[in-house]
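1. The following comprises the amino acid sequence and a computationally predicted model.
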Amino acid sequence: MLNARLIPSANARTLVVGINESFQIIQEAIREANLHDTVLVRPGHYSQHSIVIDKPLYLIGEGNPRIDAEHQAVELFVVMADSVVIEGFTLQNVGVSFLKELAAIKVRQSHHGSIRNNEILNCFFGVYLEYATHYQVVNNYIVDQADDEASAGNAIHVWKGDYLEITHNTLSGHRDGIYLEFVNNSQIHHNQSYRNLRYGLHFMFSNNDAYSANEFRENGAGVAVMFSREIRMQHNHFSHNWGGASYGLLLKEISDGEISGNYFVRNTIGILAEGANRIIIERNQFSLNGTALDMKGNSLDNEVLANNFLANTFEVVTNSQNNNNRYERNYWSGYVGYDLNRDGSGDEPYRPVNLFARITDQIPAATLMLHSFFVSLLEFSERIFPTIIPATLTDQYPQMQPYAYDQN
């Protein structure tokens, strides 16, 4: 729903910019506009940049006019007022800078605005919000072709924001698809973030946020949530995030969150948890990952409940002999027990930790021996006389059939 502060006044004017119009320069039309007027830009190619919007305005592109920085180290739009809408433009060719975070659209200390329905191509940073609250970034196509992290910006970058909505954006070819630092009480949903060099989504020092129904695929790594609390992660798809240090989801020093209804498919590691505490991980599906869940020993009081673990090379890995988390009523495709009373749960507990996974975690080259007779014998011995893997890491009620979770 559009914020009430963005509804135009009945007395607002429309100032038109174009080759045959009263204004040929966008900045001149903005200068002449009154509060809450509309500046309409006709179709065309505009080699203009550093356009400052310092009053509440609707800046609307008709037929996707192109605003071109021509690879210069400049910004295109700089928003320095509340209640600004930028919609319907193609913004392109903001050059790389190693000194400034140059963006196609930079918003500074502004509130109750909206950036929507734009195409942003080959720009160092796409949308950059700084001290923004009650802002919407909706339905933008932001694509670059960065080759290395040092010369790449982020598609959507937020530094200190509150009550933001970032939704239905397509983000590719940047360092991070979405980067959030000190961002609270915000919603990130229905975005597609793929083929970014580092992360599809990157949280730092952000609390009470939710991201849902997003797709993160073929990134350097899917999502990293670091030094944050009360993050809800629901109904996302993490897929094909491969690499020597890659994962679908990294949890580092976070607490009191929820991970539910997600799909982790063909990642090197589905979830890697380091210092993650009091997280509920439930009703997710882990399929065809190298390791489904890597739960480090400094992760405490987490609950892993009613998930499907299907055809992963390793189901659970840990670097501790102690278990301080709860695993219950999950389906494990590696479980070969029986259910004599037919209550749907296996009669014998299941130990999902694989001894050889511990070895390969320390010595990756040992993976070459994965299906050897020696490894099978080693694992059999460890299950009978556990000395390395935690004896208390068991699922007392392993399910006999996988849950039928809807992928939508």
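-> Thanks, I have the structure now.
2. CA only for contacts and neighbour counts going forward, please
-> Noted.
3. On the three-state scheme, residue 21 is what?
-> Secondary structure, DSSP: H, G, I helix; E, B strand; the rest coil: residue 21 is coil.
4. That one and residue 136, how far apart?
-> The gap separating residue 21 from residue 136 is 30 Å, by C-alpha to C-alpha, to the nearest Å.
5. Neighbour count for those two, which is higher?
-> residue 136 (22 against 12; other C-alpha atoms under 10 Å).
6. got the contact list for that one?
-> 112, 113, 114, 115, 116, 164, 165, 166, 167 (C-alpha atoms under 8 Å, 6 or more residues apart in numbering).
7. beta partners for it?
-> Listed beta-bridge partners, residue 136: residue 114, residue 165 (assigned using DSSP bridges).
8. Do you know the pLDDT at residue 384?
-> Predicted confidence (pLDDT) for residue 384: 51.
9. Next: residue 377.
-> 52.
10. can you pull out the helices in the stretch 101-250 of the chain?
-> All residues of the stretch 101-250 of the chain lie outside helices when identified by DSSP state H, counting those that start in this stretch.
11. Which parts of this structure belong to which domain?
-> 1-200, 220-353+390-408 (automatic domain parsing).
12. How far away from the center of its chain is the shortest one?
-> Translated: domain 220-353+390-408. Chain-centre distance of domain 220-353+390-408: 18 Å, with C-alpha atoms, centre = their mean, to the nearest Å.
13. Averaged pLDDT, that domain. What do you get?
-> Across domain 220-353+390-408, pLDDT averages out at 94.
14. cool, the longest one as well?
-> Summarised as a single mean, pLDDT over domain 1-200 is 95.
15. isn't residue 134 right next to residue 115, touching?
-> No. Taking contacts as C-alpha atoms under 8 Å, residue 134 lies outside contact range of residue 115: 11.8 Å.
16. Please tell me which one of the contacts of residue 136 counts the most neighbours.
-> For the contacts of residue 136, neighbours tallied by other C-alpha under 10 Å; top is residue 113, 28 neighbours.
17. Next up, the contacts around that residue.
-> Per C-alpha under 8 Å, 6+ apart, neighbours of residue 113: 6, 82, 83, 84, 85, 134, 135, 136.
18. Just give the nearest non-adjacent residue to residue 320, would you?
-> residue 297 (4.9 Å; C-alpha to C-alpha, 6 or more residues apart in numbering).
19. any idea how far the one you found is from residue 405?
-> For residue 297, the distance to residue 405 equals 30 Å [C-alpha to C-alpha].
20. Can you verify residue 343 is assigned to a strand?
-> No. With three-state DSSP as the criterion, residue 343 is coil rather than part of a strand.
21. Could you count how many residues lie near it?
-> That count, for residue 343 with other C-alpha under 10 Å as the rule, works out to 10.
22. Could you pull up the contacting residues of the spatially most central residue of the chain?
-> The centre of the chain sits closest to residue 201, judged by C-alpha atoms, centre = their mean, with a distance of 2.7 Å. The contact partners of residue 201, taken as C-alpha under 8 Å, 6+ apart, are 176, 177, 178, 179, 193, 216, 222, 223, 224.
23. hmm, back to that, can you add distance to residue 208 and give the domains of the chain back as JSON lines?
-> JSON lines is the format used below for these (distance: least, C-alpha to C-alpha, whole Å):
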{"stretch": "domain 1-200", "distance to residue 208": "5"}
{"stretch": "domain 220-353+390-408", "distance to residue 208": "5"}
